[in-house]
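>>> how would this look folded up:
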Amino acid sequence: MMSAIAIQRHADWKAWIALDSVTKMVLSYHLGRREGDSADAFVRDLSIRIEGRFQLTTDGLRWYIPTADKHLGGNVDYAQLLKCASSNHFSEFPYRP
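The predicted structure follows:
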């Protein structure tokens with residue numbers, strides 16, 4: 001049984017998962033906090049597992065940019081997908097069944 005302190009320490013951990021967009025196969029994964037060290041370990045592991053040029057799309061975490069450059073260099077087409085949610089966006093186009 002885990003204590004409340006142990007649960008609290010691991011509560012901010014995230015699962016970092018790289019999926020192939022066609023086959024949906026898990027290419028790499030990492031469990032860790034949402035910070036630079038985890039991004040570095042995740043992208044380093046991914047770089048070892050993939051050969052050739054590929055497209056990498058991530059969320060807006062700033063740590064991906066230096067680690068992608070460091071571990072993947074010019075061997076990747078890199079993009080960040082930023083999702084912006086706003087209550088005003090939905091009010092312009094009300095749902096009508």
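>>> For residue 61, give its distance to residue 71.
Distance, residue 61 to residue 71, using Cβ to Cβ, to the nearest Å: 15 Å. C-beta here means a position set from N, CA and C on the backbone, and glycine is covered the same way.
>>> Mind checking which of these two has more residues around it?
Neighbours per residue (other Cβ atoms under 10 Å) separate residue 61 from residue 71, with residue 71 holding more: 19 against 16.
>>> Quickly find the element holding the more buried one.
Using DSSP states H and E, residue 71 maps to helix 64-72.
>>> residues in contact with that helix?
36, 39-40, 42-44, 46-47, 56, 58, 76, 78, 80 (Cβ atoms under 8 Å, 6 or more residues apart in numbering).
>>> closest to residue 17 among the residues you listed?
Distance to residue 17 across those (Cβ to Cβ) is lowest for residue 42, with 9.0 Å.
>>> Quick check: the closest one touching residue 31?
No - using Cβ atoms under 8 Å as the test, residue 42 is too far from residue 31 to be in contact (9.6 Å).
>>> which one is residue 17 nearest to, not counting chain neighbours?
residue 29 (5.0 Å; Cβ to Cβ, 6 or more residues apart in numbering).
>>> List the contacts of the one you found.
Contacts of residue 29 (Cβ under 8 Å, 6+ apart): 15-18, 42.
>>> same thing but at 10 Å, please
Listed by Cβ atoms under 10 Å, 6 or more residues apart in numbering, the contact set of residue 29 reads 15-19, 42, 45-46.
>>> on that earlier part again, of the contacts of helix 64-72, which is the most crowded?
residue 43 (26 neighbours).
>>> Assign it to helix, strand or coil.
What DSSP: H, G, I helix; E, B strand; the rest coil gives for residue 43 is helix.
>>> So, low pLDDT: which residues of the chain?
Counting by pLDDT under 70, the chain shows low-confidence ranges at 1-11, 86-97.
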